[in-house]
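>>> just coords:
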Ligand SMILES: Cc1ncc(C[n+]2csc(CCOP(=O)(O)OP(=O)(O)O)c2C)c(N)n1
């Protein structure tokens, strides 16, 4: 079981990832997707720094676990995680979206070491992840496939085909985490197309469904621990999250779906995140 000290380290890493994302805009001169990265930073931290079996020195290692960020616009925190995990230099983060840079607004599996799927066209990542899980199952590979799905993204029809197939084929190496932040760029998900009864539907398709606070590291880790040992079918972790989580003026505010911080916002955001990091360091003593 994961220890308190390890949980504290994962929380600190999530905080570092959020700081990196805030730095990316001003340092690269390009507008980043901040809010979508912040809602899933805790989940991505837990995956890359505790649960996933990967080898930065050998990114294509056949027996690795896979991660597909199906909501590809949320990839900024994944870029930060990959850099701190050693897949590429942290300096790459400050070149995001520049001409010729490996890191663009959406992840490219042909250019970025550690990225398992090119995503950005919503819905496709989930089906791509399913294909990897089905192939790994056929090949009797031991690795897991983790897929991060947006709640607005879950309105795409292709997501439901993948959900039905994974349940019908009992793919227990397939773990999908729904980033349930109730925002979808153009408005509130529940007003556009309410996703309920998603949980009941997926249960009927054969999924094991867990429900957690996706911004609480303890709950994220215990759900991932359970998902790793489930047998007989895929797992859906419904992670209730807050878009923009971590910076007060960005939280649950869709304006921060994709926006550049001004000088004052930049200073405030970094100060808030540094304060959170400091209190985590003090907690650990
Ligand atoms: C097929 C497709 N349609 C539209 C878009 C444009 N788009 C980018 S992000 C986004 C909102 C996604 O909402 P959600 O999945 O809930 O992500 P989050 O709120 O966490 O950012 C949309 C519609 C796209 N990338 N792909």
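Yep, it's here. Small disclaimer: the values here were computed from a predicted structure and weren't measured.
>>> ok, residue 127 to the ligand distance?
Distance of residue 127 to the ligand, given as CB to the nearest ligand atom, to the nearest Å: 12 Å. C-beta here means a position set from N, CA and C on the backbone, and glycine is covered the same way.
>>> Nearest residue to that residue in space, ignoring adjacent ones along the chain?
Spatial nearest neighbour of residue 127, excluding adjacent residues (CB to CB, 6 or more residues apart in numbering): residue 162 at 4.6 Å.
>>> just the helices in the stretch 51-200 of the chain please.
76-85, 124-138, 157-168, 189-193, 198-205 (DSSP state H, counting those that start in this stretch).
>>> Which residue would be the closest one in the stretch 101-250 of the chain to the ligand?
residue 150 (2.0 Å; CB to the nearest ligand atom).
>>> what's the nearest residue to that residue if we skip its chain neighbours?
residue 71 (3.5 Å).
>>> isn't the residue of the stretch 101-250 of the chain closest to the ligand right next to residue 69, touching?
No. If you go by CB atoms under 8 Å, residue 150 and residue 69 don't touch, sitting 9.4 Å apart.
>>> so who does the residue nearest to residue 150 touch?
36, 40, 119, 122, 125, 148, 149, 150, 153, 179 (CB atoms under 8 Å, 6 or more residues apart in numbering).
>>> Kindly reformat the residues you listed as a markdown table and extend each row with neighbour count, distance to residue 112 and pLDDT.
Listed next are the contacts of residue 71 as a markdown table, based on neighbours: other CB atoms under 10 Å; distance: CB to CB, whole Å; pLDDT from 0 to 100:
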| residue | neighbour count | distance to residue 112 | pLDDT |
| --- | --- | --- | --- |
| 36 | 29 | 18 | 98 |
| 40 | 30 | 17 | 98 |
| 119 | 28 | 11 | 98 |
| 122 | 22 | 19 | 98 |
| 125 | 30 | 14 | 98 |
| 148 | 30 | 16 | 98 |
| 149 | 28 | 20 | 98 |
| 150 | 31 | 20 | 98 |
| 153 | 25 | 20 | 98 |
| 179 | 26 | 20 | 98 |
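>>> For these, work out which two are farthest apart.
40 and 122 (14.5 Å; CB to CB).
>>> Below-threshold pLDDT in the protein: ranges please.
Applying pLDDT under 70 to the chain picks out no residues at all.
>>> swap the cut-off to 80 and go again
In the predicted model, the chain carries pLDDT under 80 at residues 285.
>>> Could you point out the longest helix of it?
helix 4-28 (DSSP state H).
>>> which residues does residue 84 contact?
Residue 84 touches 13, 16, 17, 90, counting by CB under 8 Å, 6+ apart.
>>> Now neighbour count and distance to residue 175 too, for those residues, in a markdown table please.
Formatted as a markdown table, the contacts of residue 84 follow (neighbours: other CB atoms under 10 Å; distance: CB to CB, whole Å):
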| residue | neighbour count | distance to residue 175 |
| --- | --- | --- |
| 13 | 25 | 20 |
| 16 | 18 | 24 |
| 17 | 29 | 20 |
| 90 | 13 | 28 |
